[in-house]
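S.K.: A predicted structure for the sequence below; I have some questions about it.
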Amino acid sequence: MRKFLMPVIFVIAIILYSSIIVIPEGTRGIMLRFGKVQRDADNKVVVYSPGLHFKIPFIDGIKVLNARIQTLDGQADRFVTVEKKDLLVDSYVKWRIADFGKFFTSTGGGDYLRADSLLRRKVNDRLRSEIGARTIKDIVSGTRGELMLDARKALNTGADSTSELGIEVIDVRIKQINLPEEVSSSIYQRMRAERDAVAREHRSQGREKAAFIQADVDRKVTVILANANKKAQELRGEGDAVAAKIYADAFGQAPEFYNFIRSLKAYEKSFAQSDNLMIVKPDSEFFKFMQRPEGQK
């Protein structure tokens, strides 16, 4: 009897163990019977909350879905602004399952990869619509917060909302906004050209200012030199006048000596060069002081 009792107890234990399911905290469960979703009388998907539940062994299966807030963070995508300018926008989305039945059926049995793909498509379409209605300035520094808020509201309540996926979008955030490489290069070149133009303008203004200063300095130098020359001429004239007066006073006392000095200076200038040649009469007045005095041989 005992030999038959032990296998029966073992089989009963296995059946009891197989009929018990535990839904962990932070998750929800959907029962599958013969591979089909279990529904209630109103044809709604039955969702099991966290805790201990029972099922029919070997017939029912359970699909556990995450009920926590999750993050969808993909690669940056290209968007076009209202000015027809391309932007590379890197964003992320915080979301959670709001309707587990819809989520399960719309994602092909709770396939998270498919859910991410569908959600990313809707988020990109919404961001493309929001960015396409704004300028770069608005997106970067103006209505960026309004853009993210409008995108979140549209994803939850708009015509193309994520409610059909059973998903609630908690938040939409733009992490980074960049220009495409080819656009950045053209912008940098334009900025460099603008800076070069400003630098040329400053250099031109500097040269103009330098020329003005140089002209003013030259004018002042000319005036100073002219005044100095004028003063020098006046002093030289005064000196010459004084010297002439002194000479006149001195030579006035001895006219013959004055004539002798003037003749010596004339001789000195006339015979300064060895090849100087003069043709005059020997008894010319010019050689008066080179002739013998009368009565001498």
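M.R.: Received the coordinates, thanks.
S.K.: pLDDT weak spots in the stretch 1-150 of the chain?
M.R.: 1-4, 17, 142 (pLDDT under 70).
S.K.: Which stretches in it count as helices?
M.R.: 2-18, 100-106, 112-131, 136-137, 144-157 (DSSP state H, counting those that start in this stretch).
S.K.: Nearest to Ala67, out of those?
M.R.: helix 100-106 (7.8 Å; C-beta to C-beta). Bear in mind the C-beta positions are built from the backbone N, C-alpha and C, glycine included.
S.K.: who touches the closest one?
M.R.: For helix 100-106, the external contacting residues (C-beta atoms under 8 Å, 6 or more residues apart in numbering) are 28, 30, 37, 44-45, 47, 63, 65, 67, 97, 110, 115, 118, 163-167.
S.K.: coming back round to it: tell me which of the helices of the stretch 1-150 of the chain sits most buried.
M.R.: helix 100-106 (a mean of 20; mean count of other C-beta atoms under 10 Å).
S.K.: Show the pLDDT at the spatially most central residue of the chain.
M.R.: The residue lying closest to the centre of the chain (C-alpha atoms, centre = their mean) is Tyr188, at 7.9 Å. Here the pLDDT value assigned to Tyr188 is 73.
S.K.: tell me which element it falls in.
M.R.: If you go by DSSP states H and E, Tyr188 is part of helix 181-253.
S.K.: Give me the distance from that helix to the chain's centre.
M.R.: Distance of helix 181-253 from the chain centroid (C-alpha atoms, centre = their mean, to the nearest Å) equals 43 Å.
S.K.: in stretch 163-183, what's buried?
M.R.: Buried positions in stretch 163-183, judged by neighbour count with 16 or more other C-beta atoms under 10 Å: 163, 165-169, 172, 174, 177, 179.
S.K.: can you redo these as a markdown table with pLDDT, distance to Arg192 and secondary structure?
M.R.: As requested, the buried residues of stretch 163-183 are arranged in a markdown table below (pLDDT from 0 to 100; distance: C-beta to C-beta, whole Å; DSSP: H, G, I helix; E, B strand; the rest coil):
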| residue | pLDDT | distance to Arg192 | secondary structure |
| --- | --- | --- | --- |
| Ser163 | 85 | 50 | helix |
| Leu165 | 89 | 48 | helix |
| Gly166 | 89 | 52 | coil |
| Ile167 | 91 | 47 | strand |
| Glu168 | 92 | 48 | strand |
| Val169 | 92 | 42 | strand |
| Val172 | 90 | 36 | strand |
| Ile174 | 87 | 28 | strand |
| Ile177 | 83 | 22 | strand |
| Leu179 | 77 | 15 | coil |
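S.K.: Check the burial of Val82 by counting its neighbours.
M.R.: Other residues within reach of Val82, judged by other C-beta atoms under 10 Å, total 13.
S.K.: what do you get for Tyr48?
M.R.: Using other C-beta under 10 Å, Tyr48 is surrounded by 20 other residues.
S.K.: which helices and strands does the helix holding Tyr188 pack with?
M.R.: helix 255-270 (3 or more C-beta pairs under 8 Å, 6 or more residues apart in numbering; DSSP states H and E).
S.K.: Let's test this: mean pLDDT of the helix it packs on, rounded?
M.R.: 71.
S.K.: Same check on stretch 206-225?
M.R.: The pLDDT scores in stretch 206-225 average 92.
S.K.: Now it - C-alpha only, PDB.
M.R.: The C-alpha trace of stretch 206-225 is given here as PDB (Å, rounded to 0.1, in the frame of the first residue of the first chain):
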ATOM      1  CA  GLY A 206      42.900 100.900 -37.300                       C
ATOM      2  CA  ARG A 207      44.800 101.900 -40.500                       C
ATOM      3  CA  GLU A 208      42.600 104.900 -41.000                       C
ATOM      4  CA  LYS A 209      43.100 106.000 -37.400                       C
ATOM      5  CA  ALA A 210      46.800 105.400 -37.700                       C
ATOM      6  CA  ALA A 211      47.000 107.500 -40.900                       C
ATOM      7  CA  PHE A 212      45.000 110.200 -39.200                       C
ATOM      8  CA  ILE A 213      47.400 110.200 -36.200                       C
ATOM      9  CA  GLN A 214      50.400 110.000 -38.400                       C
ATOM     10  CA  ALA A 215      49.100 113.000 -40.500                       C
ATOM     11  CA  ASP A 216      48.500 115.000 -37.300                       C
ATOM     12  CA  VAL A 217      51.900 114.200 -36.000                       C
ATOM     13  CA  ASP A 218      53.500 115.100 -39.300                       C
ATOM     14  CA  ARG A 219      51.600 118.400 -39.300                       C
ATOM     15  CA  LYS A 220      52.800 119.200 -35.800                       C
ATOM     16  CA  VAL A 221      56.400 118.200 -36.600                       C
ATOM     17  CA  THR A 222      56.200 120.400 -39.700                       C
ATOM     18  CA  VAL A 223      54.900 123.300 -37.700                       C
ATOM     19  CA  ILE A 224      57.500 122.800 -35.000                       C
ATOM     20  CA  LEU A 225      60.300 122.600 -37.600                       C
END
